[in-house]
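[1] Only the shape, not the letters, is given here:
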């Protein structure tokens, strides 16, 4: 009997489509197929098969079963679960899962081999080539270099038929880790944590551990021992390490290489598509034991995933906020449960959600309280800018400038931290007061002096800085307001003209290679003052960095949201923790107008537990995460009247439910983006409520007109 195949397509479609399976195709669930959809043919994945039984309409037949590896059952289950949780179409996470499979294959490489024929004339140069052929793998140019002869010698042997050039598939090089290499020496705290993780892995099955260690405590070395334990127990096991920033990738890859003698696979946006294809196929066939990557690596087709590590688990970069919206840390725990894998969440400043799970016993809590080796935590002092006002046009206070000078005089390095890109966050007109914004968007334009342009960091809009105000036409009236890292760099160069100053931000470091070069320069002592955003505030280890100056500690507290205080504490603790990580003591100076704020007091006292306790108490009183759940519904339209009418209808259609409140609709803080007006609903629910099911039921009650777009964000992190 013929069969019907349900095929999920990587598109925002609500469900899988049915197709007829051609005779003899022999499909299985997970197979990739070529499926017709209208005039196009798309790659899809078989999610179900059933016998055909007298349907009332003929089905289109599938065109082919693709030769690419199938999606493993665990990956397919995870994709479908993630869609239900995020209240989104299942094709959205499937598109992420198939990103590598859809990438172009690497071009074949040239391989020179001996044909068995002897050269008619054997010169000394040709003798060197024939000797070099033993065990040789590579192209003609590589053979010439190895034999130390000219390219003409190789060409002559090819023309004579002694050598032959073949085209072979690009090799996939993911060698097995060497578990016999010695590990780095561990202090007692590290050894205890590593032993606990190894014991947890020995029990097998799904468990979660929170590896909670102060900055510089050696958390990476601890979870490397967990990796070793997993691979020792099962040589076919696979390990995934998630990182929040591409800039951190190279340092972690190097640590893996030193520990296991082999580089893991990389997976992030900076990896070229052909290389991404090789990684995807190697993971799907079990040929890739370790992957280090960004959040989307969570959707790779692992066949035997036994350990997931989420490094810097608190980092907000794990939250994907465009396209398919998800929190990678939370989904990592779910994928670990589905795969019966161990999960390690590592951070010096864990999220309140993870701390709550550790406190209640859902996660094992492993604490590292001391820095590795002789290093100690830096001394942190607050600079009260109310009593020590800044000079006009300056952003570095007298005490901070003095400390930088003393640091440089000792031959040590300083980091000036400001989590704001560009030169100035606002450009306004002195004549009319106009604040320059992106077209059809409320977002301010940020001045970038390097490029001479004004940039919207929300939409990507960019324009040359005009000579006249676009609003009133006044000439030379535009002034820069506030500091960005470029402005701080300018001030540092003026104050310390002999110092070597560099900027570390996404505007100066475009990819993993550029990040690696800058980090290596800093570690080698080739930079005296590093001016940096959060790109340098986590995970990096600079031996000679002894001073961190926080230029604007209050930045994250302004116009705050639910996690404003938590995020600010985490970021500042991570930034100040870059100082004094080796044998020289470190110091951090924090410029603030709010020294009495709980965040600043906890930072200065290095009393994280007191801050966490106070923040937890406030959240519990309000029923907010981690004691409750939040969901956001963002409605937008280019037509203000249609938007108003729809949000009224949507508010009226909200289902009644116990343990749940709906707030709104209200204008979003950024009420105009790319010409679309935006309204928000916020839903607060008790933890006993299935928030995803509620949001799905609510959305099903209303059908937005074509001009209106509805986006659901379960557990929102941004409230713009």
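    Yep, it's here. All values derive from a computational prediction rather than experimental measurement.
[2] Which residue ranges of the stretch 451-600 of the chain form strands?
    453-455, 462-464, 478-481, 501-504, 529-532, 545-550, 587-592 (DSSP state E, counting those that start in this stretch).
[3] Who does the third one pair with, and is each partner parallel or antiparallel?
    It stands for strand 478-481. Strand pairing for strand 478-481, using DSSP bridges, gives strand 426-429 (antiparallel).
[4] Flag the shaky bits of the stretch 551-700 of the chain, pLDDT-wise.
    559-560, 580-583 (pLDDT under 70).
[5] meant to ask about the chain, not that
    1, 54-56, 170-173, 371-376, 537-539, 559-560, 580-583.
[6] what sits up against stretch 701-716?
    85-88, 321, 325, 327, 330, 625, 629-639, 642-643, 646, 649-650, 653, 655, 676, 682, 691-692, 695, 699 (CB atoms under 8 Å, 6 or more residues apart in numbering). In this view, the C-beta of every residue, glycine as well, is placed from N, C-alpha and C.
[7] do the same with stretch 217-225
    Contact partners of stretch 217-225, identified using CB under 8 Å, 6+ apart, comprise 183-184, 186-187, 189-190, 193-194, 197-198, 211, 213, 241, 252, 255-256, 259, 309, 311, 344, 346-348, 366, 368-372.
[8] and the nearest residue to residue 85 once chain neighbours are set aside, how far is that from residue 572?
    Leaving aside its sequence neighbours, residue 85 sits nearest to residue 692 (CB to CB, 6 or more residues apart in numbering; 5.2 Å). Distance, residue 692 to residue 572, by CB to CB, to the nearest Å: 34 Å.
[9] contacting residues for residue 515?
    Contacts of residue 515 (CB under 8 Å, 6+ apart): 246-247, 249-250, 509, 535.
[10] Using the three-state scheme, assign residue 22.
    Secondary structure assignment for residue 22 (DSSP: H, G, I helix; E, B strand; the rest coil): coil.
[11] Can you report how many residues neighbour it?
    Counted with other CB atoms under 10 Å, residues neighbouring residue 22 total 16.
[12] and it, what is it in contact with?
    Applying CB under 8 Å, 6+ apart to residue 22 gives the contacts 61-62.
[13] So which of residue 692 and residue 572 has more stuff around it?
    Neighbour comparison, residue 692 and residue 572: the larger count goes to residue 572, with 27 against 20 (by other CB under 10 Å).
[14] I figured the more buried one was touching residue 551, is that so?
    No: using CB atoms under 8 Å, residue 572 makes no contact with residue 551, being 11.4 Å away.
[15] Quick one, which of the contacts of stretch 701-716 are buried?
    85-88, 325, 327, 330, 625, 629-637, 642-643, 646, 650, 676, 682, 691-692, 695, 699 (16 or more other CB atoms under 10 Å).
[16] among these, which are in helices?
    85-86, 330, 642-643, 646, 650, 691-692, 695, 699 (DSSP state H).
[17] Is it possible to get a markdown table of those that adds distance to residue 563?
    Formatted as a markdown table, those follow (distance: CB to CB, whole Å):
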| residue | distance to residue 563 |
| --- | --- |
| 85 | 20 |
| 86 | 19 |
| 330 | 14 |
| 642 | 33 |
| 643 | 28 |
| 646 | 29 |
| 650 | 26 |
| 691 | 18 |
| 692 | 21 |
| 695 | 20 |
| 699 | 25 |
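[18] Hmm, residue 436 and residue 428 touching each other?
    Yes: if you go by CB under 8 Å, residue 428 and residue 436 touch, sitting 6.9 Å apart.
[19] what is in contact with the two at once?
    Shared contacts of residue 428 and residue 436 (CB under 8 Å, 6+ apart): residue 478.
[20] just how off-centre is stretch 554-565 within its chain?
    On the basis of CA atoms, centre = their mean, to the nearest Å, stretch 554-565 sits 22 Å off its chain's mean C-alpha point.
[21] what's the first-to-last distance across that stretch?
    Terminal residues of stretch 554-565 lie 10 Å apart, using CA to CA, to the nearest Å.
[22] and that stretch, which residues are buried?
    554-557, 562-563, 565.
[23] Take those and keep only those in helices.
    Reading helices off these with DSSP H, I get residue 565.
[24] What lies in contact with stretch 357-365?
    The contact list for stretch 357-365, computed with CB under 8 Å, 6+ apart, reads 196, 200, 207-210, 212, 345, 350, 354, 626.
[25] which residue is nearest the centroid of the protein?
    residue 244 (3.5 Å; CA atoms, centre = their mean).
[26] Let's verify it: helix, strand, or coil?
    coil.
[27] please renumber so the chain begins at 588
    Shifting the count to begin at 588 puts that one at residue 831.
[28] where does it fall, phi/psi-wise?
    phi -80, psi -20 (degrees, to the nearest 10).
[29] now residue 595
    phi -90, psi 130.
[30] Can you get me a residue count around the closest residue to it other than its chain neighbours?
    If the residues on either side of it in the chain are set aside, residue 595 comes closest to residue 603, at 4.4 Å by CB to CB, 6+ apart. Residue neighbour count, defined by other CB under 10 Å, stands at 20 for residue 603.
[31] can you pull the contacts of residue 603?
    Contacts of residue 603 by CB under 8 Å, 6+ apart are 593-596, 634-635, 677.
[32] wait, which of these is closest to residue 1127?
    Of all those, residue 1127 sits closest to residue 677, with 38.3 Å by CB to CB.
[33] Tell me how far the residue lying closest to the closest one once chain neighbours are set aside lies from residue 1276.
    Closest residue to residue 677 apart from its sequence neighbours, by CB to CB, 6+ apart: residue 670 at 3.9 Å. In this view, residue 670 and residue 1276 are 20 Å apart by CB to CB.
[34] ok, these two, which is more surrounded?
    Shown here are residue 670 and residue 1276; by other CB under 10 Å, residue 670 has more neighbours (21 against 18).
[35] Can you name the next helix or strand after whichever strand or helix holds that one?
    For residue 670, the element it lies in under DSSP states H and E is helix 660-673. Tracing the chain past helix 660-673, the next element assigned as helix or strand by DSSP H and E is helix 678-684.
[36] Other residues contacting that next one?
    595-600, 632, 658, 662, 666, 669-670, 673, 883, 886-888, 910-911, 913.
[37] Over to stretch 819-829?
    Contacts of stretch 819-829 (CB under 8 Å, 6+ apart): 763, 766, 788-789, 791, 810, 814, 817-818, 839, 851, 870, 873, 875-882, 884-885, 887, 889-898, 905, 915-916, 919.
[38] and those, which are buried?
    The buried subset of those - by 16+ other CB under 10 Å - is 788, 810, 814, 817-818, 839, 851, 870, 875-882, 884-885, 887, 889-890, 892-898, 905, 915-916, 919.
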